[in-house]
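K.L.:
Here's my sequence, what's the structure:
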Amino acid sequence: MTNDIIDLATRVGRALESKNLLLATAESCTGGGVSQAITEIPGSTGWFECGFVTYSNASKTEMLDVPAALIAQFGSVSEEVAGAMAEGAVANSNADVAVSTTGIAGPTGAVPGKPVGTVCFGWSKGDTTYTERLVFSGDRHAVREQTVAHALAGLLRLLE
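P.N.:
From the prediction side, this is the model:
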């Protein structure tokens, strides 16, 4: 884990702690990487509620209440599903804030309009949910690392 990611996670923790908020993660392509970064920070037990690793479409529906019809319409790698994942993480936990990641880390999995490196994010707090779609370059490890960093940076924007 890079120092940049640890620094971002530390800053996220400080922001959550100062606002007395709890965080949940809903991860697909990162496989728990955002949660791992968060729990590297001493004291994270005070502001990290839980992490959902929902790699399959069925788990997104069963654990996060993402409608199967939404996945069928837009695909699991979509801003619509990322937003629903973040909202589902808040709804299915005691968290106040959530971040989600869903994407194609590679080296396979690309589909028309969604090349390897495509990642969709969701950030949810209260009645507000933001989503974003980016395409990262590099191998599987690089895509996942960039995704974790961007997810944390988005949390900082949401909290500050």
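
K.L.:
Nearest residue to the middle of this structure?
P.N.:
Ser100 (2.4 Å; Cα atoms, centre = their mean).

K.L.:
So Ala98 is in contact with Ala84, correct?
P.N.:
No: checked against Cβ atoms under 8 Å, the pair Ala98 and Ala84 is beyond contact range at 10.9 Å. Glycine gets a C-beta too; all of them are placed from N, C-alpha and C.

K.L.:
Of these two, which one has the most company?
P.N.:
Comparing Ala98 with Ala84 by other Cβ atoms under 10 Å, the one with more neighbours is Ala98, at 31 against 28.

K.L.:
Help me confirm that that one is found in a strand?
P.N.:
Yes: applying DSSP: H, G, I helix; E, B strand; the rest coil, one finds Ala98 inside a strand.

K.L.:
May I have the beta-bridge partners of it?
P.N.:
Ala24, Ser124 (DSSP bridges).

K.L.:
That one and Asn3: what is the separation?
P.N.:
Note on Ala98: its distance to Asn3, by Cβ to Cβ, to the nearest Å, is 25 Å.

K.L.:
Span of stretch 38-49 from start to end?
P.N.:
11 Å (Cα to Cα, to the nearest Å).

K.L.:
switch to numbering from 28
P.N.:
In the new count, where the first residue is 28, that last one comes out as stretch 65-76.
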